[in-house]
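*Asks:* Sequence first, then the predicted structure:
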Amino acid sequence: MQIDLSGKKALVTGGSGGLGRTIVRTLAECGADVAIHYNSDKTSADKLVEELRASGRKSAAFKADITDFDSVKKMKDDVGKEFGMPDILIVNAVIQYEWKPLLRQDIRDYYSQFESCVMQMVYMSKMFVPYMQEQHYGRIVVMNTECAVMAEPNCSAYTSAKRGLDGIVRVLAKEVGADNITVNQIAPGWTITDKERANGVNPAPEYVASVPLARRGTDTDIANMAAFLSSDLASFTTGAYIPVAGGRVMPAI
(Lines give C-alpha, C1' and ligand atoms only; values in the text may rest on other atoms or scores of the structure.)
Protein backbone atom coordinates (compact mmCIF):
# COMPACT_ATOMS: atom_id res chain seq x y z
CA MET A 1 0.00 0.00 0.00
CA GLN A 2 1.38 3.39 -1.00
CA ILE A 3 0.23 6.96 -0.66
CA ASP A 4 -0.57 7.91 -4.25
CA LEU A 5 -1.48 11.52 -5.02
CA SER A 6 -0.88 11.25 -8.75
CA GLY A 7 -3.07 13.58 -10.77
CA LYS A 8 -3.91 15.73 -7.74
CA LYS A 9 -3.17 19.41 -7.28
CA ALA A 10 -2.34 20.75 -3.82
CA LEU A 11 -2.00 24.23 -2.34
CA VAL A 12 0.07 24.66 0.84
CA THR A 13 -0.16 27.92 2.77
CA GLY A 14 3.11 28.88 4.40
CA GLY A 15 4.66 26.47 1.92
CA SER A 16 8.07 28.14 1.87
CA GLY A 17 8.50 27.94 5.67
CA GLY A 18 10.23 25.23 7.67
CA LEU A 19 7.33 22.81 8.14
CA GLY A 20 5.56 23.89 4.96
CA ARG A 21 8.60 23.15 2.83
CA THR A 22 8.72 19.56 4.03
CA ILE A 23 4.99 19.11 3.46
CA VAL A 24 5.36 20.46 -0.08
CA ARG A 25 8.20 18.05 -0.85
CA THR A 26 6.36 15.09 0.65
CA LEU A 27 3.18 15.73 -1.34
CA ALA A 28 5.28 16.05 -4.49
CA GLU A 29 7.08 12.79 -3.74
CA CYS A 30 3.65 11.15 -3.53
CA GLY A 31 2.85 12.40 -7.03
CA ALA A 32 0.96 15.66 -6.45
CA ASP A 33 1.57 18.93 -8.26
CA VAL A 34 1.97 21.61 -5.59
CA ALA A 35 1.24 25.34 -5.48
CA ILE A 36 3.28 27.12 -2.83
CA HIS A 37 1.86 30.08 -0.93
CA TYR A 38 4.23 32.59 0.64
CA ASN A 39 3.87 36.02 2.21
CA SER A 40 7.34 37.58 2.15
CA ASP A 41 10.02 34.99 1.35
CA LYS A 42 9.74 34.89 -2.43
CA THR A 43 13.31 33.63 -2.82
CA SER A 44 12.67 30.46 -0.81
CA ALA A 45 9.35 29.87 -2.56
CA ASP A 46 10.87 30.24 -6.03
CA LYS A 47 13.74 27.94 -5.12
CA LEU A 48 11.30 25.28 -3.96
CA VAL A 49 9.27 25.67 -7.16
CA GLU A 50 12.39 25.02 -9.23
CA GLU A 51 13.22 21.97 -7.10
CA LEU A 52 9.78 20.47 -7.70
CA ARG A 53 9.83 21.22 -11.40
CA ALA A 54 13.23 19.57 -11.70
CA SER A 55 11.70 16.42 -10.18
CA GLY A 56 8.96 16.40 -12.82
CA ARG A 57 6.16 17.96 -10.80
CA LYS A 58 4.17 21.03 -11.78
CA SER A 59 4.61 23.86 -9.28
CA ALA A 60 4.18 27.62 -8.90
CA ALA A 61 4.48 30.17 -6.10
CA PHE A 62 1.76 32.62 -5.06
CA LYS A 63 2.02 35.58 -2.71
CA ALA A 64 -0.81 36.47 -0.32
CA ASP A 65 -1.51 37.92 3.09
CA ILE A 66 -3.64 35.16 4.58
CA THR A 67 -5.14 37.61 7.10
CA ASP A 68 -6.63 39.77 4.32
CA PHE A 69 -9.69 38.55 2.41
CA ASP A 70 -8.98 40.50 -0.77
CA SER A 71 -5.41 39.19 -0.86
CA VAL A 72 -6.62 35.59 -0.49
CA LYS A 73 -9.20 36.18 -3.21
CA LYS A 74 -6.50 37.44 -5.57
CA MET A 75 -4.41 34.36 -4.78
CA LYS A 76 -7.39 32.14 -5.61
CA ASP A 77 -7.80 33.89 -8.97
CA ASP A 78 -4.07 33.60 -9.71
CA VAL A 79 -3.94 29.94 -8.70
CA GLY A 80 -6.93 29.16 -10.89
CA LYS A 81 -5.42 30.87 -13.93
CA GLU A 82 -1.76 29.85 -13.59
CA PHE A 83 -1.86 26.47 -11.84
CA GLY A 84 -5.37 25.07 -11.61
CA MET A 85 -7.68 24.86 -8.63
CA PRO A 86 -6.46 22.51 -5.88
CA ASP A 87 -7.97 19.18 -4.93
CA ILE A 88 -5.93 19.31 -1.70
CA LEU A 89 -5.65 22.30 0.61
CA ILE A 90 -3.09 22.38 3.42
CA VAL A 91 -3.77 25.25 5.82
CA ASN A 92 -0.39 25.67 7.47
CA ALA A 93 0.58 29.36 7.65
CA VAL A 94 0.56 31.21 10.97
CA ILE A 95 2.01 34.50 12.22
CA GLN A 96 5.00 34.05 14.53
CA TYR A 97 5.26 36.14 17.69
CA GLU A 98 7.05 36.18 21.05
CA TRP A 99 5.29 34.10 23.70
CA LYS A 100 4.81 35.80 27.08
CA PRO A 101 2.57 35.35 30.14
CA LEU A 102 -0.97 36.53 29.47
CA LEU A 103 -0.59 39.63 31.64
CA ARG A 104 2.41 40.75 29.59
CA GLN A 105 1.31 39.58 26.15
CA ASP A 106 0.70 42.41 23.69
CA ILE A 107 -3.01 42.73 22.90
CA ARG A 108 -2.18 42.88 19.19
CA ASP A 109 -0.81 39.33 19.36
CA TYR A 110 -4.28 38.00 20.16
CA TYR A 111 -5.67 39.67 17.05
CA SER A 112 -2.81 38.45 14.84
CA GLN A 113 -3.24 34.87 16.00
CA PHE A 114 -7.02 34.97 15.52
CA GLU A 115 -6.59 36.44 12.05
CA SER A 116 -3.88 33.99 10.96
CA CYS A 117 -5.62 30.90 12.38
CA VAL A 118 -9.39 31.34 12.42
CA MET A 119 -9.81 33.94 9.68
CA GLN A 120 -7.27 32.29 7.38
CA MET A 121 -9.39 29.13 7.58
CA VAL A 122 -12.56 31.11 6.83
CA TYR A 123 -11.00 32.92 3.87
CA MET A 124 -9.38 29.83 2.37
CA SER A 125 -12.60 27.86 2.73
CA LYS A 126 -14.71 30.53 1.05
CA MET A 127 -12.27 30.71 -1.84
CA PHE A 128 -11.43 27.06 -2.48
CA VAL A 129 -14.21 24.85 -1.08
CA PRO A 130 -16.79 25.83 -3.75
CA TYR A 131 -14.54 24.30 -6.43
CA MET A 132 -14.23 21.12 -4.36
CA GLN A 133 -18.01 21.00 -4.05
CA GLU A 134 -18.40 21.36 -7.80
CA GLN A 135 -16.12 18.41 -8.47
CA HIS A 136 -17.52 16.46 -5.49
CA TYR A 137 -14.04 15.85 -4.10
CA GLY A 138 -11.61 17.56 -1.77
CA ARG A 139 -9.09 17.05 1.00
CA ILE A 140 -8.44 19.80 3.55
CA VAL A 141 -5.70 19.35 6.14
CA VAL A 142 -5.26 21.99 8.83
CA MET A 143 -2.30 22.50 11.14
CA ASN A 144 -3.41 22.87 14.75
CA THR A 145 -1.16 22.23 17.77
CA GLU A 146 -0.77 20.17 20.91
CA CYS A 147 -1.03 23.51 22.74
CA ALA A 148 -4.75 23.58 22.01
CA VAL A 149 -5.14 20.69 24.45
CA MET A 150 -2.21 21.28 26.81
CA ALA A 151 -3.02 24.99 27.42
CA GLU A 152 0.41 25.55 28.93
CA PRO A 153 1.76 28.84 30.30
CA ASN A 154 2.91 31.64 27.96
CA CYS A 155 0.92 30.59 24.90
CA SER A 156 -2.50 32.13 25.57
CA ALA A 157 -2.76 33.95 22.22
CA TYR A 158 -1.70 30.89 20.23
CA THR A 159 -3.84 28.47 22.25
CA SER A 160 -6.98 30.60 22.08
CA ALA A 161 -6.67 31.03 18.31
CA LYS A 162 -6.01 27.35 17.67
CA ARG A 163 -8.98 26.36 19.82
CA GLY A 164 -11.11 28.69 17.73
CA LEU A 165 -9.67 27.10 14.61
CA ASP A 166 -10.68 23.69 15.96
CA GLY A 167 -14.31 24.80 16.12
CA ILE A 168 -14.29 26.10 12.55
CA VAL A 169 -12.78 22.86 11.23
CA ARG A 170 -15.29 20.62 12.98
CA VAL A 171 -18.25 22.64 11.72
CA LEU A 172 -16.89 22.74 8.16
CA ALA A 173 -16.32 18.97 8.19
CA LYS A 174 -20.03 18.45 8.92
CA GLU A 175 -21.13 20.99 6.35
CA VAL A 176 -19.15 19.62 3.41
CA GLY A 177 -18.99 15.90 4.15
CA ALA A 178 -21.83 15.11 1.76
CA ASP A 179 -19.72 16.70 -1.00
CA ASN A 180 -17.01 14.05 -0.50
CA ILE A 181 -14.72 16.61 1.12
CA THR A 182 -12.78 15.65 4.23
CA VAL A 183 -11.52 18.21 6.73
CA ASN A 184 -8.99 17.10 9.34
CA GLN A 185 -6.47 18.61 11.75
CA ILE A 186 -2.93 17.62 12.59
CA ALA A 187 -1.69 18.68 16.02
CA PRO A 188 2.12 18.71 16.06
CA GLY A 189 4.19 18.86 19.19
CA TRP A 190 7.43 20.84 19.42
CA THR A 191 8.72 19.99 15.97
CA ILE A 192 12.26 19.97 14.59
CA THR A 193 12.58 21.69 11.20
CA ASP A 194 15.51 22.61 8.95
CA LYS A 195 15.90 26.01 10.62
CA GLU A 196 16.63 24.39 13.97
CA ARG A 197 18.85 21.75 12.40
CA ALA A 198 20.95 24.54 10.90
CA ASN A 199 21.26 26.36 14.21
CA GLY A 200 21.59 23.32 16.46
CA VAL A 201 18.76 21.11 17.67
CA ASN A 202 17.58 21.82 21.20
CA PRO A 203 17.71 18.49 23.10
CA ALA A 204 14.92 19.83 25.37
CA PRO A 205 15.28 17.13 28.06
CA GLU A 206 12.36 18.40 30.16
CA TYR A 207 10.03 18.41 27.16
CA VAL A 208 11.22 15.02 25.91
CA ALA A 209 10.64 13.57 29.38
CA SER A 210 6.94 14.38 28.93
CA VAL A 211 6.74 12.56 25.57
CA PRO A 212 5.94 8.81 25.81
CA LEU A 213 7.97 8.11 22.64
CA ALA A 214 10.89 9.95 24.26
CA ARG A 215 11.85 12.29 21.44
CA ARG A 216 10.79 15.45 19.68
CA GLY A 217 8.87 15.09 16.43
CA THR A 218 10.25 16.11 13.07
CA ASP A 219 8.82 17.94 10.08
CA THR A 220 8.81 14.62 8.24
CA ASP A 221 6.58 13.07 10.92
CA ILE A 222 4.05 15.85 10.33
CA ALA A 223 4.36 15.81 6.54
CA ASN A 224 3.75 12.06 6.40
CA MET A 225 0.46 12.48 8.25
CA ALA A 226 -0.49 15.36 5.95
CA ALA A 227 0.12 13.15 2.91
CA PHE A 228 -1.97 10.35 4.39
CA LEU A 229 -4.91 12.63 5.18
CA SER A 230 -4.62 14.10 1.67
CA SER A 231 -4.98 10.67 0.10
CA ASP A 232 -7.87 8.33 -0.56
CA LEU A 233 -6.48 6.03 2.13
CA ALA A 234 -8.13 8.48 4.56
CA SER A 235 -11.36 8.86 2.59
CA PHE A 236 -13.55 7.91 5.58
CA THR A 237 -11.80 10.13 8.13
CA THR A 238 -13.11 13.65 8.68
CA GLY A 239 -13.48 16.10 11.55
CA ALA A 240 -10.51 14.48 13.29
CA TYR A 241 -7.97 16.20 15.54
CA ILE A 242 -4.90 13.97 15.25
CA PRO A 243 -1.94 14.65 17.54
CA VAL A 244 1.44 13.89 16.01
CA ALA A 245 3.23 14.54 19.25
CA GLY A 246 4.68 11.22 20.35
CA GLY A 247 1.81 10.51 22.77
CA ARG A 248 2.21 13.75 24.70
CA VAL A 249 -1.40 14.57 23.83
CA MET A 250 -3.99 11.78 24.11
CA PRO A 251 -7.49 13.19 23.57
CA ALA A 252 -10.07 11.36 25.66
CA ILE A 253 -13.25 9.78 24.32
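*Replies:* Thanks, I have the structure now. Residues are numbered from 1 along each chain as shown.

*Asks:* So Tyr123 versus Glu115, what's the distance?
*Replies:* According to Cβ to Cβ, to the nearest Å, Tyr123 stands 9 Å off from Glu115. C-beta: built from backbone N, CA, C; applies to glycine.

*Asks:* Could you check which of the two has the larger neighbour count?
*Replies:* Here Tyr123 and Glu115 are compared on neighbour count by other Cβ atoms under 10 Å; more neighbours surround Tyr123, at 24 against 18.

*Asks:* hang on, the more buried one packs against Asp70?
*Replies:* No - here Tyr123 does not reach Asp70: they are 9.5 Å apart, not a contact under Cβ atoms under 8 Å.

*Asks:* Okay, buried residues for stretch 185-202 please.
*Replies:* 185-193, 196 (16 or more other Cβ atoms under 10 Å).

*Asks:* Take these and keep only those in helices.
*Replies:* Judged by DSSP state H, helices contain the following of these: Glu196.

*Asks:* ok, so of the buried residues of stretch 185-202, who is nearest Val24?
*Replies:* Using Cβ to Cβ, Thr193 is the member of the buried residues of stretch 185-202 that lies nearest Val24, at 12.7 Å.

*Asks:* ok, the closest one - contacts?
*Replies:* Applying Cβ atoms under 8 Å, 6 or more residues apart in numbering, one finds that Thr193 lies in contact with 18-19, 22, 218-219.

*Asks:* Ile95 too?
*Replies:* With Cβ under 8 Å, 6+ apart as the criterion, the residues that contact Ile95 are 67, 112-113, 115-116.
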